[in-house]
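[1] Provide a 3D model corresponding to the input given below.
(chains A and B)
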2 protein chains.
Amino acid sequence: MTGHLRIVGLGPGPEKWITPEVSEGLAEAQDLLGYTAYLDRVPLRAHQQRHASDNREELSRARHAIELAVAGRQVALVSGGDPGVFAMAAAVFEAIEKGPAIWRSLEVTVLPGVTAMLAAAARVGAPLGADFCAINLSDNLKPWALVEKRLKLAIEAGFVIALYNPASKARPTQIFDAFAVVREKLPPSTPIILARAIGRPDERVTISTLADADPALIDMQTLPIIGSAATRLLKRADGSHWVYSPRRVEVPA
Amino acid sequence: MTGHLRIVGLGPGPEKWITPEVSEGLAEAQDLLGYTAYLDRVPLRAHQQRHASDNREELSRARHAIELAVAGRQVALVSGGDPGVFAMAAAVFEAIEKGPAIWRSLEVTVLPGVTAMLAAAARVGAPLGADFCAINLSDNLKPWALVEKRLKLAIEAGFVIALYNPASKARPTQIFDAFAVVREKLPPSTPIILARAIGRPDERVTISTLADADPALIDMQTLPIIGSAATRLLKRADGSHWVYSPRRVEVPA
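    Coordinates of the predicted model:
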């Protein structure tokens, strides 16, 4: 049997958000690789080997997955969310580009999934209903000045902004710097969504405004969505809110 | 029984990309509403009523769905892709905001799905592996000058750009205008992906560069992804290409 590498996306948490294609891909695998917390979400099967690794070892995990597949194994490399959004797919192609020529003949399939911002948005209404962007806030792989530049340009463009990897133990203060940039450019009434552990038992979603949002509440498990100046809070009969970004833009460019 | 409105996302095409949550939501519905082409993808069930409508009637369809749910029905409003990305969810909350106060007590659930750009990206590698944005190219609801402004700022920010609704019979030339803007700002070697009818039997995905891409090939069914200056074409052993956007950014901001 020829080896095959599937890069699969589990979605943000529960089984109800895993596509049938991904479930099938996982069942067919002989080897499963991934960050421990993601592998723990995959049903155990007797014939499969598991290779769990730490969150920070993307490139060596990608290489390991490629090597197994090149050796003829059916391999599933597991990401949370969608594997193409700040996850394992880019690491795999980066490894292939830098690796031996034989790696370029490998069969690689990427199986898409529900990325976190879509699930977070769904919980509160339709904040991504107008033009939007997704920014990886981590400066592990790019200069912080570039993150700030992108935030400023995204606000100037009027994009709703989803922030991936907003904070970690090693980077506890950058989200405060990011909020400082955002507060300079957007009105205090701008809706802010903090979606923590979305779809998991400890899920906590808060809707507030830029004036009230507290960056100290944002950790590794949180996906913040920053509204545009056009994003609206819509009060429900029970006093809670929906958030949506109108499709129509009335303001001149 | 109290009425309930579910806004569901079918993903871009095949059943393998429909989440279990959406399949269950569709099975529980008494009334299904949506654009004809989307409803045609939902399995027929004897107890259900179908209300198909034209692609352009989002707001009246949203109102109809709300009215049915307020009257006590279990309603599923069907979108392709993800319902929160340039689809029905924003139209529903817009209708609720403008509608009678009683609508604000309605139970509304948005069920996320795989949006087209994730499936398109998965087909070719990992073009959305770095910061990216999604722009609705239609000027039905916003001035064209704003679309051009957003394209320019997105390129200045270094975002990969996914273009939704790039062309239609009523708007055949705007994609040429958009490409003119892009060609002014990005190098001719920038990778361009044209993903047409992704996941459906007539799928056609082409990978080229800004120098070679032909906007005349782009129609309503096509999702173009425009790489950033950092996005890479990676040649495979068989002569075809993968496309990916490196996670690491070496250039200064």
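
[2] and stretch A:20-35, which residues are buried?
    For stretch A:20-35, the neighbour count (16 or more other Cβ atoms under 10 Å in any protein chain shown) marks A:21-23, A:25-26, A:29-35 as buried. No exception for glycine: its C-beta is placed from N, CA and C like everyone else's.

[3] please identify which of these is nearest to chain B.
    A:Glu21 (3.9 Å; Cβ to the nearest Cβ).

[4] which residue is the nearest non-sequential neighbour of A:Ala90?
    B:Gly129 (2.8 Å; Cβ to Cβ, 6 or more residues apart in numbering or on different chains).

[5] is A:Thr2 located within a helix, as I assumed?
    No. Going by DSSP: H, G, I helix; E, B strand; the rest coil, the assignment for A:Thr2 is coil, not a helix.

[6] burial of it, as a residue count?
    11 (other Cβ atoms under 10 Å in any protein chain shown).

[7] now do the contacts for it.
    A:72, A:107 (Cβ atoms under 8 Å, 6 or more residues apart in numbering or on different chains).

[8] same thing with the one 3 residues further on?
    Residues touching A:Leu5, when contacts are defined by Cβ under 8 Å, 6+ apart, comprise A:65-66, A:69, A:75, A:77, A:92, A:106-109.

[9] so which residues of chain A form strands?
    For chain A, the strands defined by DSSP state E cover A:4-9, A:31-35, A:49-53, A:74-79, A:108-111, A:125-126, A:132-136, A:160-164, A:191-196, A:204-209, A:222-226, A:232-235, A:241-244.

[10] averaged pLDDT, the first one. What do you get?
    Meaning strand A:4-9. Model confidence over strand A:4-9, given as mean pLDDT, is 98.

[11] what of the shortest one?
    Along strand A:125-126, the predicted confidence averages to a pLDDT of 98.

[12] please state the offset of it from the chain centre?
    Centroid separation for strand A:125-126 versus its chain: 18 Å, with Cα atoms, centre = their mean, to the nearest Å.

[13] any low-confidence regions in chain A?
    Within chain A, the stretches with pLDDT under 70 are A:1, A:251-253.

[14] now do 80
    Where chain A drops to pLDDT under 80, the residues are A:1, A:55-56, A:250-253.

[15] and it, what are its domains?
    A:4-114, A:117-244 (automatic domain parsing).

[16] now the buried residues of stretch A:20-35 as a markdown table including distance to chain B?
    Below are the buried residues of stretch A:20-35 laid out as a markdown table (distance: Cβ to the nearest Cβ, whole Å):
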| residue | distance to chain B |
| --- | --- |
| A:Glu21 | 4 |
| A:Val22 | 9 |
| A:Ser23 | 9 |
| A:Gly25 | 10 |
| A:Leu26 | 13 |
| A:Ala29 | 16 |
| A:Gln30 | 21 |
| A:Asp31 | 20 |
| A:Leu32 | 19 |
| A:Leu33 | 16 |
| A:Gly34 | 16 |
| A:Tyr35 | 15 |
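
[17] can I get those in JSON lines including distance to B:Gly113?
    Formatted as JSON lines, the buried residues of stretch A:20-35 follow (distance: Cβ to Cβ, whole Å):
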{"residue": "A:Glu21", "distance to B:Gly113": "13"}
{"residue": "A:Val22", "distance to B:Gly113": "13"}
{"residue": "A:Ser23", "distance to B:Gly113": "16"}
{"residue": "A:Gly25", "distance to B:Gly113": "18"}
{"residue": "A:Leu26", "distance to B:Gly113": "19"}
{"residue": "A:Ala29", "distance to B:Gly113": "24"}
{"residue": "A:Gln30", "distance to B:Gly113": "30"}
{"residue": "A:Asp31", "distance to B:Gly113": "29"}
{"residue": "A:Leu32", "distance to B:Gly113": "25"}
{"residue": "A:Leu33", "distance to B:Gly113": "27"}
{"residue": "A:Gly34", "distance to B:Gly113": "23"}
{"residue": "A:Tyr35", "distance to B:Gly113": "24"}
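
[18] now for those: which two are most distant?
    Using Cβ to Cβ, the buried residues of stretch A:20-35 reach their maximum pairwise distance at A:Glu21 and A:Tyr35, which is 20.8 Å.

[19] list the buried residues of stretch A:126-142.
    A:126-139, A:142.

[20] now, of the strands of chain A, which is deepest in the fold?
    Most buried of the strands of chain A by mean neighbour count (mean count of other Cβ atoms under 10 Å in any protein chain shown) is strand A:125-126; its value is a mean of 30.

[21] rewinding a little: of all the strands of chain A, which lies closest to B:Arg6?
    Nearest of the strands of chain A (Cβ to Cβ): strand A:125-126, 13.7 Å.

[22] gap between the two ends of stretch A:235-242?
    The first and last residues of stretch A:235-242 sit 7 Å apart, counting by Cα to Cα, to the nearest Å.

[23] contacting residues around A:Ser245?
    A:126-130, A:132, A:160, A:227-228, A:230-232, B:90.

[24] so which residues of the stretch 1-150 of chain A form helices?
    A:20-28, A:36-39, A:58-70, A:88-98, A:116-124, A:144-157 (DSSP state H, counting those that start in this stretch).

[25] just name the most buried of those.
    helix A:116-124 (a mean of 27).

[26] ok so, going back, can you redo the domains of chain A as CSV with distance to B:Lys16?
    Below are the domains of chain A laid out as CSV (distance: least, Cβ to Cβ, whole Å):
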stretch, distance to B:Lys16
domain A:4-114, 4
domain A:117-244, 18
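
[27] one step back: now the strands of chain A as CSV including distance to B:Asp202?
    Formatted as CSV, those follow (distance: least, Cβ to Cβ, whole Å):
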stretch, distance to B:Asp202
strand A:4-9, 24
strand A:31-35, 34
strand A:49-53, 39
strand A:74-79, 29
strand A:108-111, 20
strand A:125-126, 30
strand A:132-136, 29
strand A:160-164, 32
strand A:191-196, 36
strand A:204-209, 39
strand A:222-226, 35
strand A:232-235, 38
strand A:241-244, 33
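
[28] looking at the ones you listed, which is closest to B:Pro191?
    strand A:108-111 (16.0 Å).

[29] ok, and what's touching that closest one?
    Contacts of strand A:108-111 (Cβ under 8 Å, 6+ apart): A:4-9, A:19, A:21-22, A:25, A:69, A:83-84, A:89, A:92, A:96, B:121-123, B:125-126, B:242.

[30] partners of it in the sheet?
    Looking at strand A:108-111 with DSSP bridges, its partner strands are strand A:4-9 (parallel).

[31] now the partner strand against helix A:58-70, angle please.
    140 degrees (axes from the mean of the first three to the mean of the last three Cα atoms, to 10 degrees).

[32] what's the offset of strand A:4-9 from the middle of its chain?
    That offset, for strand A:4-9, works out to 17 Å (Cα atoms, centre = their mean).

[33] swap in stretch A:18-25?
    Relative to the chain's own centre, stretch A:18-25 is displaced by 18 Å; criterion: Cα atoms, centre = their mean.

[34] just the CA coordinates of it, formatted as CSV?
    Provided in CSV are the C-alpha atoms of stretch A:18-25 (Å, rounded to 0.1, in the frame of the first residue of the first chain):
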residue,chain,number,x,y,z
ILE,A,18,-16.4,17.1,13.0
THR,A,19,-17.2,16.5,9.3
PRO,A,20,-17.9,13.0,8.1
GLU,A,21,-14.8,13.2,5.8
VAL,A,22,-12.6,13.8,8.8
SER,A,23,-14.2,11.0,10.9
GLU,A,24,-13.6,8.6,8.0
GLY,A,25,-10.0,9.9,7.5
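
[35] contacts made by that stretch with the rest, please.
    By Cβ under 8 Å, 6+ apart, the residues outside stretch A:18-25 that reach it are A:6, A:8-11, A:76, A:109, A:111-114, B:11, B:15-20, B:114.

[36] mind doing that once more with 6 Å?
    A:6, A:8, A:10-11, A:76, A:111, B:16-17 (Cβ atoms under 6 Å, 6 or more residues apart in numbering or on different chains).
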